[in-house]
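> What shape does this take:
(4 chains)
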4 protein chains.
Amino acid sequence: MIAILKQGTTPEQTQHLVDWLKRMNLDVHISQGQEVTILGLIGDTSKVDMELLGSLDIVESVKRVSEPFKQVNRNFHPKDSIVEIGNAKIGGGYFSMIAGPCSVESEDQIIEVAQAVKDAGATILRGGAFKPRTSPYAFQGMGEDGLRLLFQAKKATGLPICTELMNIVHLDLFADVDVIQIGARNMQNFDLLKEVGKTKKPILLKRGLANTLQELLMSAEYIMSEGNPNVILCERGIRTYETYTRNTLDLSAVPVLHELTHLPVVVDPSHATGKASLVPSMAAAAAASGADGIMVEVHNNPSCALCDGAQSITPDQFADLSHRVQLIREAIR
Amino acid sequence: MIAILKQGTTPEQTQHLVDWLKRMNLDVHISQGQEVTILGLIGDTSKVDMELLGSLDIVESVKRVSEPFKQVNRNFHPKDSIVEIGNAKIGGGYFSMIAGPCSVESEDQIIEVAQAVKDAGATILRGGAFKPRTSPYAFQGMGEDGLRLLFQAKKATGLPICTELMNIVHLDLFADVDVIQIGARNMQNFDLLKEVGKTKKPILLKRGLANTLQELLMSAEYIMSEGNPNVILCERGIRTYETYTRNTLDLSAVPVLHELTHLPVVVDPSHATGKASLVPSMAAAAAASGADGIMVEVHNNPSCALCDGAQSITPDQFADLSHRVQLIREAIR
Amino acid sequence: MIAILKQGTTPEQTQHLVDWLKRMNLDVHISQGQEVTILGLIGDTSKVDMELLGSLDIVESVKRVSEPFKQVNRNFHPKDSIVEIGNAKIGGGYFSMIAGPCSVESEDQIIEVAQAVKDAGATILRGGAFKPRTSPYAFQGMGEDGLRLLFQAKKATGLPICTELMNIVHLDLFADVDVIQIGARNMQNFDLLKEVGKTKKPILLKRGLANTLQELLMSAEYIMSEGNPNVILCERGIRTYETYTRNTLDLSAVPVLHELTHLPVVVDPSHATGKASLVPSMAAAAAASGADGIMVEVHNNPSCALCDGAQSITPDQFADLSHRVQLIREAIR
Amino acid sequence: MIAILKQGTTPEQTQHLVDWLKRMNLDVHISQGQEVTILGLIGDTSKVDMELLGSLDIVESVKRVSEPFKQVNRNFHPKDSIVEIGNAKIGGGYFSMIAGPCSVESEDQIIEVAQAVKDAGATILRGGAFKPRTSPYAFQGMGEDGLRLLFQAKKATGLPICTELMNIVHLDLFADVDVIQIGARNMQNFDLLKEVGKTKKPILLKRGLANTLQELLMSAEYIMSEGNPNVILCERGIRTYETYTRNTLDLSAVPVLHELTHLPVVVDPSHATGKASLVPSMAAAAAASGADGIMVEVHNNPSCALCDGAQSITPDQFADLSHRVQLIREAIR
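I've put the predicted structure just below:
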């Protein structure tokens, strides 16, 4: 870590600061330039509060030389991590399609969709049982009953299941869940991250609505620092001023995260765009960008043709998408 | 709620949609224009999923005529709500200064600061015991010990205390806390909102980093819908592209929220700006905008002059700020 | 256009508004619902100021049923437009690679790069002569001399050239330029748009830093409404809170624009990311998303290996990228 | 300027970079730390392209120690600048109210409004003659005729006038304009900035929709570097994800700009919020934040009560606002 001191800082002030830093068990290397004095902090700087340091009267700015994350850092773990979920693998050249309905609604629905997406190439079934909803009056998901239906779909199709955990006290109910999803709104629910870090289950960690990639990695670090290495990162769109799409898919997150971390990265084009018509092209783009997987909302509700325009695509559209993604993956190999 | 149908929608498709809406116990008023067909939905539309409806193939757009929030809505409760906290009141013409250190660090520190801010006009003491931190390696607050020190400061000064709750399982520890703060990162931790909604304690609900004012109101609605009317809203800056300040203080939130809701609104210029030098002018601006209170970080650490530049201001600066806020409140009366 | 009136609007107020609208040569269709009154405006609503209408005391909200753009609108021109530039074509299934250095620096440089990108598959040469720079003290481009060198490179290689126009008074100098680029900062320099609309030259219109897709289309409409149909739209990243990349590439712009307009859409991954290491994967993603072309910064400066890390890629990297883009285009055909 | 080199940089690479920097007439001070090598660049670094330098393979990051702006910099000009406009002064303790209609519409309108705002305390009249409009089909302002009407209003009331220049070729028409406004969309129209920099007229420079405060200062530097010291900065709201207000007023810009520059800062609450009901409280907040002036849209159109809800306020509302702003300015003195 580098601290650049302001012009006009007195030697006493500098010494005062150096003493304070040394009390944190850091070595301090002072470089006295003509215009400026620079302190190089050597040792475990992950505990230094950069904002506090940067806000001191005599400090012009502070700069990390090494990233604040460790276990997720590719520098310390150059090889791609591969997360195994039943027979599926994600990362290190393995690609997974995660597909299923937004919410579990009934036994027929979930088993039918599960079978359809499996036939089209999905290797993991997604479906919401506990749903985070902006309004307290909106459908909050089937809860425990929804989990039971997911377990039945798993039994029927052999697909491992991925579903969202919103509340620490529900963790026991998730014993047979294969991938625990931490939703965008909980990306910085640090106590929840710590709890799932104590399990060994694969965790799909979604990027928060307005979180930086570094913050996403710090949240992954919360999970890994508790002992769970099975973290999958998920780009699902960020909030911007553009209103045509629900969010703005930030696909550059894929190569950036691959530079910074060894963890696998999947992309969710359904939540990112909020429009079914945009999902296939964004899934194709995600595959071309080098993503390790794609997470797509698929429904199958012949009794309600009304839903056709939602952000969910049909099993047929998913089969097309899946085929195209496969071709692109071969093209970029 | 109004649904505008796309040009080219057939009468059968329209009827199909109308039937579906009627099954939700809504009356549907059809207005067939030359260019466009409009459906007026009458009844309890708070349960209608606007995004789903809007994404149907035949629907051009959906528009709420009434807001999706009820109990927080000024239309249904025209008079300002006044929240009482010990002897302090917020809202309906009553103004409160909430002040104290970012984190509780020691008995001496918290009692000293508490006495100082009380002398300068603060009516509520703030201080963090459980701290949300981006990094798992950063200081996470003193936890239960921090709460105990806050209770001592309350005993010593008589000031009611306000501190952040991050985890449902800690709720019992907060029995003697006067105002429970829900932090920006937990604004959409809906299970946490429901739990604090079951208490009768005043809840200070901070706006999330990238949440709209409507989302803030919906989160307040979560609390009120569980039976707790004592909600205080807090604007604390939003995330934008500007990097000079930590966040961008959105002061127009104050008059907007006053239009939409009867709940009191306080402003936190410390977190909004991240710089002590900007806190006094932004506190003054908040008072001029009509805020019902101000929440300011104040520290008192003569042994560590190093902290002078942080986002916290000193008790002396707070006394000045407090005086100026008082003058402005008189000017705009 | 639909105007939804507020509850409590009196018949007199409604009539007053209707009269005002009729004075604008609009027919008004009144739909009196139980909860709400809706006015349907029929006729040429493109001249109605939505913001003014929406801000009237009695108006709840205003909603366009048809888009405010006409000539760029795919509804009125369902077939893809194809823009021809020398032998190159963009749009309607034709794909073009536009490549070259950020700035023209010397005769050797521009001819060498031009030859290299041509060999690697580029069909249009880009290069800046007039450069928009944040600082008045930064290099502002070679100006007229830069244009002359571009013309020499065109003569030497046969590649048509694309370069930025910043100032109306320079238009005469651009007589032999093949594609006039309007930069992101000038996307809403309406007088400049009108001027280039009076030529018949292909115009590459870059999306502004924080402009919506609708605003981009309205700026294209400025050009087309003056008589020039040869507009190419360019997504080049938008400004968000994320600081790791220079901008955030919004690839969903490609399918969205293809839905809304018949104009071709190209993507500039160099300015969008600001990092050479991210350019190849984002170029691949752009091709997979269905873009009609890609615009990439390429330099060739063996005397200055220092520049290798910039947002520009080398001719060799460009040849690889070009090959991969080709494979992806075949895969998604 | 400080360049921090990446770990693993070889001595040859370092020397190569140092030689390159020295060719730019910079002295380079090398500080070889254990973890990291830091180069301190001494001399006129305002011409160094930070982005290029920062993107080199061997460079970890680059940090300016001094700001890139000079003439606008408070460090080099500690005293507040005062801009004189007729009898009005802005800055250095002088406060001005700039008020008037969005667009000049007729002689009666502009003279009536001018007289009304003068009576209520305004010292400068604003009014648009050339209007930047998103749509080519919207009213583009009265142009030259509008300027003539403004000159008549000036003659009738004695108020100096402020109006927007969009096009270099119109500059001659602005000879009798007292304050030339550069609009938000033209903040980085660098050729326009250079032209108005060659005059001595007061320039009101509005912050762009998504521009940082540093970019605003660099644009002011363009004007000053051409010889015109009479620059007034204007905060008018920035674009964010929040849709309730048209833009988000960033009031912290006022104290931040006062720290960084000696130029006066005015606030435009009308464009920032887009809603008349929010203008008075935001004007009050702007005054409390220390702004040097306020720019407000005021109309007076008794024949068209329809406009009452627009972002413009009435002369009566302006008189109230003006009185309140006066009281607040006395309170914070």
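
> Name all residues that make contact with residue A:39.
Going by C-beta atoms under 8 Å, 6 or more residues apart in numbering or on different chains, residue A:39 touches A:2-5, A:14, A:17-18, A:21, A:28-31. C-beta: built from backbone N, CA, C; applies to glycine.

> Quick check: which element contains the residue lying closest to residue A:110 once chain neighbours are set aside?
Once flanking residues are discounted, residue A:110 sits nearest to residue A:153: 4.6 Å by C-beta to C-beta, 6 or more residues apart in numbering or on different chains. For residue A:153, the enclosing helix or strand under DSSP states H and E is helix A:144-157.

> What pairs with the following helix or strand past that helix, parallel or antiparallel?
Counting by DSSP H and E, the next helix or strand C-terminal to helix A:144-157 is strand A:161-164. Strand A:161-164 sits in its sheet next to strand A:124-126 (parallel), strand A:179-182 (parallel), going by DSSP bridges.

> what does the last one contact?
To tie it back to what came earlier, the one meant is strand A:179-182. Contacts with strand A:179-182, where a contact means C-beta under 8 Å, 6+ apart, come from A:85, A:98, A:124, A:126, A:160-165, A:174, A:189, A:192-193, A:196, A:199, A:201-206, A:232.

> Whichever of the residues you listed count as buried, I'd like them selected in ChimeraX; how would that read?
Restricted to buried positions by 16 or more other C-beta atoms under 10 Å in any protein chain shown, the ChimeraX selection for those reads:
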select /A:85,98,124,126,160,161,162,163,164,165,174,189,192,193,196,199,201,202,203,204,205,206,232
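
> The spatially closest residue to residue A:168 that is not a sequence neighbour and residue A:222, how far apart?
Distances taken as C-beta to C-beta, 6+ apart place residue A:195 nearest to residue A:168, at 5.1 Å, with adjacent residues excluded. For residue A:195, the distance to residue A:222 (C-beta to C-beta, to the nearest Å) stands at 10 Å.

> And the two? Which one has more around it.
residue A:222 (28 against 20; other C-beta atoms under 10 Å in any protein chain shown).

> what sits up against the helix holding residue A:153?
So helix A:144-157 is contacted by A:103-104, A:106-107, A:110-111, A:114-115, A:118, A:125, A:127-130, A:142, A:159-161, A:163, A:173-174, A:176-178 (C-beta under 8 Å, 6+ apart).

> For it, list the C-alpha coordinates in CSV.
Presented in CSV, the C-alpha positions along helix A:144-157 are these (Å, rounded to 0.1, in the frame of the first residue of the first chain):
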residue,chain,number,x,y,z
GLU,A,144,-40.7,-24.8,2.1
ASP,A,145,-43.3,-26.3,-0.2
GLY,A,146,-41.4,-24.9,-3.1
LEU,A,147,-38.2,-26.6,-1.9
ARG,A,148,-40.1,-29.9,-1.6
LEU,A,149,-41.2,-29.6,-5.2
LEU,A,150,-37.7,-28.9,-6.3
PHE,A,151,-36.5,-32.0,-4.6
GLN,A,152,-39.1,-34.0,-6.5
ALA,A,153,-38.0,-32.5,-9.8
LYS,A,154,-34.4,-33.4,-8.9
LYS,A,155,-35.5,-37.0,-8.2
ALA,A,156,-37.5,-37.2,-11.4
THR,A,157,-34.8,-35.8,-13.7
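
> for the record, mean pLDDT for that helix?
Taken as a whole, helix A:144-157 has an average pLDDT of 97.

> distance between that helix and the chain's centre?
24 Å (C-alpha atoms, centre = their mean, to the nearest Å).

> Also stretch A:136-152?
23 Å.

> so how far is residue A:266 from the residue of chain A found nearest chain B?
Residue nearest to chain B within chain A (C-beta to the nearest C-beta): residue A:210, separated by 3.0 Å. Computed as C-beta to C-beta, the residue A:210 to residue A:266 distance reads 20 Å.

> which residue sits closest to residue A:185, ignoring its sequence neighbours?
Distance criterion C-beta to C-beta, 6+ apart; nearest residue to residue A:185, sequence neighbours excluded, is residue B:188 at 4.2 Å.

> got it, and residue A:320?
Nearest non-adjacent residue to residue A:320, counting by C-beta to C-beta, 6+ apart: residue A:280, 6.9 Å away.

> what helix or strand is that neighbour on?
Using DSSP H and E, the element containing residue A:280 is helix A:279-289.

> So which residues make contact with that helix?
A:95, A:249, A:251-252, A:254-255, A:267, A:269-270, A:272-273, A:294, A:296-297, A:311, A:313, A:317, A:320-321, A:324-325, A:328-329, A:331-332, C:251-252, C:254-255, C:281-282, C:284-290, C:328, C:332.
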